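>>> coords please:
(2 chains)
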Amino acid sequence: MIRAAALACVLAAVPLWAAAHQMIVFASVDCEAVTVEAKFSNGNAVQQADVRVLDGANVLLTTVPIETDGTATVLLDSVDHSTGLVIEVDTGTHDNYWIVTPEDIAKNCQS
Amino acid sequence: MIRLPKLNVAVGLLLLSAGASLAQDRPSIVTVNYALQYFAERLVGDAAEVVFPVPQGVDPSFWRPSIADISEIQSADLILLNGAGFATWVDQVTLPRSKTVNTSAAIEEQFIVTESITHSHGDGGEHSHEGLATYIWLDPTLAVAQAEAIAAALDARQIAPLDVIGSELETLRADLIALDDEAKTALAAVQGVAIIATHPRYQYFARRYDLSMSSLEWEAGAIPTEVQLANLEVLVRDTGAQIMVWEAEPPIEAFEATAALGLRNVVFPPFANAVGDKNPLQTFSDAVSALSNAMAN
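Below is the predicted model:
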C-alpha cells in the first residue's frame, strides 16, 4: 500500500462517523437465538453497551445490556422476528448495527 | 375505433407476457456505487438487470439499508463490491460469499492509506485508526482493473461469458484509457497548483495526475459556515491554493465566498451516485476540462 503523505487530509472537524464506525458488531442466528458480538477495531471486547433490537419497520422490540465479554443473546421467542431484525449496539460514544433478514433466520434454522 | 382481430390481441398479450417474464428471468446484479453500475451495464447490456440500490441524494459510502433492501441484495445473482472499505453496510450484513465479488481485490497494493484519527473511549486509552481512500475509480487505470474484475465475475458465474462480452470490455477499456490520456494532457498545466477539495474524495485522481490536493470535510452542496470559511482562509494562505473542487454544486453564495478568497471554483461530482443524465466518463471528462480551464482563465 502506498502511504499518501502528499495527500494530507485537512480535517476541519472530525466527522461523527469517523469515531462511530470503529466498533465492529456481528450477529449470528440459529433456531433459538441471535448471538450478538461487539468489539472495538483494536480487538477489545465492548464491555458496556445497550443492545437494541428493532424489527423490519424500525420499531424497537427490546433492549438488552451487553455482557462483559462483549456478547448478548436475544431469544427468538422473545421477539417478533418475522420481518427480520436490526441489532444496534450503542456504547454512548460508538454505535453500529447488524441486519438479520428473515432469510438469514430461515437458512440458519435449516442447517 | 379500430377493431383488432381477436387472434392478434391474444398474440400481443402473449408477447407482452413473454417480455415481462424475460425481464423477470434476467439475472440481477447489485452494485455499491454508480461507477460500478455503469461498468457492469456497459459489459452486460440487456443480459442482466444491474441495480444500484442506494436512493438518489444519499451518500452510498454511509447508506444504511433496510432489512428489505438486504433481503433483495441477498437474492441477487452477483453482488459487486468496490473494496477499500467503501460502503460500510457491506460489513453489517451477511452476504452470500459465492455471489459476492470485490472488484478491487487485485489492486489492493495500490490503495492509498489516509490520515489516522486519534481518539479514546472507555478504558482503552487514546488510540488511532487508519483508513483507506475509497474512490478508486477516479483513477481510470484502476477503473480498468475494476471493469476487468466485473467481466471475470460475469464469466465465472455464467451470467455473460467472456467470449460474448469481450468486445464490450475492450471498448470500455479503450474508453477509460482514452480518458486517462485526455486527463494527463489537460492536467499537465495544473500540476504544481495547490488545490483544495471540499471532501476527501479525490486521492486516487490526485495521485494519478500528480496534483497537489488538500481536503476539507464540508457537507456536499451546502453553504460553508463562518468557521469553515475562516479555516479555509488559513488553509489558502498556508498552501497558496488557487482552485477549489466541489463534489456537488453549492448555492451561488458559497461560490462567491470562496471566490472572495481568490479561489477558482470547479465542480467535480465523483459519481459514486448518478448525477443528472451524464455518464461517469462524461462527468470525468467535463471535470478535467473545468480544472484545466480554471488555470487557463
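>>> from here on, contacts and neighbour counts on C-alpha atoms
Noted.
>>> would you list every one of the helices in the stretch 101-250 of chain B?
Secondary structure of the stretch 101-250 of chain B (DSSP state H, counting those that start in this stretch): helices located at B:140-156, B:162-186, B:203-208, B:226-239.
>>> same question, chain A
Read by DSSP state H, chain A holds these helices, from start to end of the chain: A:16-20, A:102-110.
>>> Among these, show the one with the smallest mean pLDDT.
If these are sorted by mean pLDDT, helix A:16-20 sits at the bottom with a mean of 36.
>>> tell me the mean pLDDT over stretch B:225-232?
For stretch B:225-232, the mean per-residue pLDDT is 95.
>>> residues in contact with residue B:134?
Contact partners of residue B:134, counting by C-alpha atoms under 8 Å, 6 or more residues apart in numbering or on different chains, are B:82-86, B:201.
>>> Please report how far residue B:158 lies from chain A.
According to C-alpha to the nearest C-alpha, to the nearest Å, residue B:158 stands 24 Å off from chain A.
>>> Count the residues that sit near that residue.
Applying the criterion other C-alpha atoms under 10 Å in any protein chain shown, we find 11 residues in the vicinity of residue B:158.
>>> cool, the one 10 residues further on as well?
Residue B:168 has 18 neighbours, counted by other C-alpha under 10 Å.
>>> for residue A:93, same thing?
Neighbours of residue A:93 under the rule other C-alpha under 10 Å: 13.
>>> Could you report the separation of it from chain B?
Noted for residue A:93: a distance of 7 Å to chain B, by C-alpha to the nearest C-alpha.
>>> for chain A, where's the lowest mean pLDDT among helices and strands?
In chain A, no helix or strand scores lower on mean pLDDT, DSSP states H and E than helix A:16-20, which sits at a mean of 36.
>>> that older thread, residue B:273: which of the helices of the stretch 101-250 of chain B is closest?
When these are compared by C-alpha to C-alpha, helix B:140-156 sits nearest residue B:273, at 15.7 Å.
>>> how far does the closest one sit from the chain's center?
Its chain's average C-alpha position is 15 Å from that of helix B:140-156, according to C-alpha atoms, centre = their mean, to the nearest Å.
>>> quick one, that helix and helix B:162-186 angle?
Relative orientation of helix B:140-156 versus helix B:162-186 (axes from the mean of the first three to the mean of the last three C-alpha atoms, to 10 degrees): 170 degrees.
>>> which strands and helices sit next to helix B:140-156?
Counting contacts by 3 or more C-alpha pairs under 8 Å, 6 or more residues apart in numbering or on different chains; DSSP states H and E, helix B:140-156 packs against helix B:34-44, helix B:162-186.
>>> which residues sit against that helix?
For helix B:140-156, contacts defined as C-alpha under 8 Å, 6+ apart pick out B:36, B:39-40, B:43, B:80, B:101, B:103-104, B:106-107, B:136-137, B:160-162, B:165, B:169, B:172-173, B:176-177, B:179-180.
>>> Please pick the buried ones from the residues you listed.
Buried positions within the contacts of helix B:140-156, assessed by neighbour count (16 or more other C-alpha atoms under 10 Å in any protein chain shown), are B:36, B:39-40, B:43, B:80, B:101, B:103-104, B:136-137, B:160-162, B:165, B:169, B:172-173, B:176-177, B:179-180.
>>> Where does pLDDT dip in chain A?
Residues of chain A that meet the criterion pLDDT under 70 lie in A:1-21, A:111.
>>> in it, which spans are strands?
Ranges of strands in chain A, per DSSP state E, are A:2-3, A:23-29, A:33-40, A:50-54, A:60-65, A:71-75, A:85-90, A:95-100.
>>> follow-up on the earlier one: for the contacts of residue B:134, which one is nearest chain A?
Set against chain A, the nearest of the contacts of residue B:134 by C-alpha to the nearest C-alpha is residue B:201 (10.1 Å).
>>> Let me have the helices and strands packed on helix B:140-156 in JSON lines, adding distance to chain A and mean pLDDT as columns.
Below are those laid out as JSON lines (distance: least, C-alpha to the nearest C-alpha, whole Å; pLDDT from 0 to 100):
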{"stretch": "helix B:34-44", "distance to chain A": "22", "mean pLDDT": "98"}
{"stretch": "helix B:162-186", "distance to chain A": "19", "mean pLDDT": "97"}
